[in-house]
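Q: Give me a 3D structure for the following:
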Amino acid sequence: MILKYDVVVIGGGHAGCEAACASANMGARTLLVTMDMNKIAQMSCNPAVGGIAKGQIVREIDALGGQMGIVTDRSCLQFRMLNIGKGPAMWSPRAQCDRGKFIWNWREVLDNTPNLDIWQDQACELLTAPTVCCDSVATAATVCCDSVATQMVTGVRTIWGAEIQARCVVVTAGTFLNGLLHIGRKMLPGGRIAEPAVTGFTESITRHGIRSARMKTGTPVRIDRRSVHLDEMEVQPGEERPYMFSYLDENQRITNETQASRHTLRQLPCYTCNTNAEVHAVLRSGLADSPLYNGQIQSIGPRYCPSIETKLVTFPDRDQHPLFLEPEGETSNEMYLNGFSSSLPMEVQIEALRKIPALRDVKVYRPGYAIEYDFFDPTQLTHTLESKLVDGLFMAGQVNGTTGYEEAAGQGLVAGVNAALKCGGTADFVMHRDESYIGVLIDDLVTKGVDEPYRMFTSRAEYRILLRQDDADARLTERSYNLGLATRQRYDWWLQKKTHIEEIEEFCRNYAIKPKAVNDQLEHLGTTPLQFGVKLEDLVARPQLSLQNLSTIIPDLAELIDKPDNRKEEIAEAAEIRMKYKGYIARERLVADKMHRLENIRIKGHFDYNALQSLSTEARQKLTAINPDTLAQASRIPGVSPSDINVLLVLMGR
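A: Numbers count the residues shown, from 1 in each chain. Modelled structure (predicted):
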């Protein structure tokens, strides 16, 4: 059987779902191939979305017209804004979700997306043909004049014999490529627990010169809520403020909602406790059978999400480690023990857990396990996430060496958009480092590569004051609308929000405050009284003051920030951040604009780096291997020094 589409997406995880929706919403006839339609967007590890820097990525996906934010809000069991005690560049939203409802909310989105079909099957072979030159009179064997690719995608073949023909293929296979599960000394092939691995597909890709390697990740034990002494654990409640991920979800935008009514599910607490010396003693007794330390696992796991046994070895002097017990569903008894990722033998895991007082009677649904899987060297991709070696082949998610649902979804959206654009013959969609965390993520991958699973942090973004969670729509929605991805509804809502923000800023800029009118209230709010009259924006800039507490003093301000029918807290917060941090934002914008000068200097195709003896040996090797598009990208390659960049600048001048 032969199926014909513009774009075929392989894998129905977070990257695949965003890629398929983005491609279809851009107008490309799209097919999503998944092994199990009942596990669409499965949350393989923690049923949570967001976190440090990851929450910003979800906001960016939403601002661009993606779906992850909307699905998360509809599945949310608890919402928290992390790092709220720090500056707004560090604020990061996070939501605990109902795992099952998250799947079916995503399934509903996919089922109602025009131009998108789903096929339940497993891809086993990438189909290609010699690259056809962009010159229509060229022969099929002619290599295209502006590409190093000698092969182009024609589709995929599945294990059931279906041939799916497509101009572009987006590979988002997650941890399934030659996946191998580990619990103690037991090993089984699998992409997730109780799900088969995908064999043969990696080999059909690497035969084209694309490099692959192995990585490892893991997941914790799952616990029966009824067996836990929750009254002996510390309760961790969610936010009382009505935060949400999506900037726009018409099904939930209700005037003057409470937190409970803004989310469709009952909001639940999480719980915390700690390991202890007895726990550590049991875990250490099992290290000889740990796949991480007996030579069974050779690949590298995520540095910033280590297993509990890795914590013991890395931090031998620590007498305890924090654990977080989180709900898996609104009505389910299954709970997730965050911080206890492990691949130790199951009896060791359970015995160690029972040394924790609140878990002394614990019953386990399944132990933690580790998984090894194939990924592909991301330096062999362009910034559109298209392969440099196979025309029309895009990759996104863990196959690029990343870890995390959010990083995967952001890549999936970019790959899906660019696959659709390629089918339409239009310009590429690339985001810069000062434009989004997704832009930082992709630039890091294709420029620096990975030697361990890549996780996004705010510290990876040099322009993080410009990349706040509150302004993703300001950065991206208009561009996405012009691209054809964001809907008119989303764009109109952004214009309304922008107007309200500007009204608040203009009012504060022009509203004069006299000392005698506010000094008593200022002292009550813990800030210095005024000596002279000032504009309201000068008071907003004070750390002790906010638009909310100033509105109790100034009735006109209270009326203005209460004016929007929807999302008034979000609008007031965005306006306040822009006023408080105006100087910092302007300074960082200036630095970013200077860097854009290097982004505008294109060097690809201008040099034979191996012939430039004025460059360092390492620079020649790295520049040849990565072949950067611009001088700015070259400057971010490890091993390329400022003096090497100066050499290239001089040569470009000539």
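Q: Please identify the helix or strand for the closest residue to residue 619 other than its chain neighbours.
A: If the residues on either side of it in the chain are set aside, residue 619 comes closest to residue 644, at 4.2 Å by CB to CB, 6 or more residues apart in numbering. No exception for glycine: its C-beta is placed from N, CA and C like everyone else's. Counting by DSSP states H and E, the element that carries residue 644 is helix 642-653.
Q: Contacts for the longest helix along the chain next, please.
A: Looking across the chain with DSSP state H, the single longest helix is helix 488-510. Residues from elsewhere that reach helix 488-510, judged by CB atoms under 8 Å, 6 or more residues apart in numbering: 63, 65, 247-248, 250, 473-474, 477-478, 481, 535-537, 540, 547, 556-557, 560-561, 563-564, 567, 570-572, 574-575, 578-579.
Q: Of those, keep whichever come out buried.
A: 63, 65, 247-248, 473-474, 477-478, 481, 536-537, 540, 547, 557, 560-561, 564, 567, 570-572, 574-575, 578-579 (16 or more other CB atoms under 10 Å).
Q: just to revisit the earlier point, pLDDT (mean, whole number) over whatever helix or strand comes next after the longest helix of the chain?
A: Later in the chain than helix 488-510, the nearest helix or strand by DSSP H and E is strand 512-513. The average pLDDT within strand 512-513 is 91.
Q: Mind giving me the packing neighbours of strand 512-513?
A: strand 534-535, helix 536-540 (3 or more CB pairs under 8 Å, 6 or more residues apart in numbering; DSSP states H and E).
Q: right, so of those, which gets closest to residue 429?
A: helix 536-540 (36.4 Å; CB to CB).
Q: ok, then the element right after the lowest-mean-pLDDT helix or strand in the chain?
A: Least confident helix or strand of the chain, by mean pLDDT, DSSP states H and E, is helix 259-262 with a mean of 43. Once the chain leaves helix 259-262, the next helix or strand it forms, by DSSP H and E, is strand 270-274.
Q: mind listing what residue 309 touches?
A: Neighbour list for residue 309: 283, 286-287, 290, 292-293, 342-344 [criterion: CB under 8 Å, 6+ apart].
Q: could you list every residue that touches the spatially closest residue to it that is not a sequence neighbour?
A: Nearest residue to residue 309 in three dimensions, chain neighbours excluded: residue 290, at 5.3 Å (CB to CB, 6+ apart). The neighbours of residue 290, taking CB under 8 Å, 6+ apart as the test, are 184, 309, 343-344.
Q: Which elements pack onto the helix or strand containing residue 634?
A: Using DSSP H and E, residue 634 sits in helix 631-635. Where contact means 3+ CB pairs under 8 Å, 6+ apart, helix 631-635 is packed against helix 582-599, helix 642-653.
Q: Tell me which residue of the protein is furthest from the middle?
A: In the chain, counting by CA atoms, centre = their mean, residue 516 sits farthest out from the average C-alpha position, at 49.8 Å.
Q: Check what pLDDT it gets.
A: Looking at residue 516, its pLDDT is 86.
Q: buried stuff in stretch 190-201?
A: For stretch 190-201, the neighbour count (16+ other CB under 10 Å) marks 190-193, 195, 197-198, 201 as buried.
Q: same check, this time on stretch 342-354
A: So, applying 16+ other CB under 10 Å, buried residues of stretch 342-354: 342-346, 348-354.
Q: In helices, which of these fall?
A: Short answer: the buried residues of stretch 342-354 in helices (DSSP H) are 346, 348-353.
Q: out of these, which one sits closest to residue 240?
A: Of those, the one sitting nearest to residue 240 (CB to CB) turns out to be residue 353, at 32.0 Å.
Q: so the closest one sits right up against residue 344, yeah?
A: No - counting by CB atoms under 8 Å, residue 353 stays clear of residue 344, with 11.1 Å between them.
Q: Compute the distance between the nearest residue in space to residue 477 that is not next to it in sequence and residue 247, please.
A: Excluding the flanking residues, the one nearest residue 477 by CB to CB, 6+ apart is residue 494, at 4.4 Å. The gap separating residue 494 from residue 247 is 7 Å, by CB to CB, to the nearest Å.
Q: Good, wrapping up.
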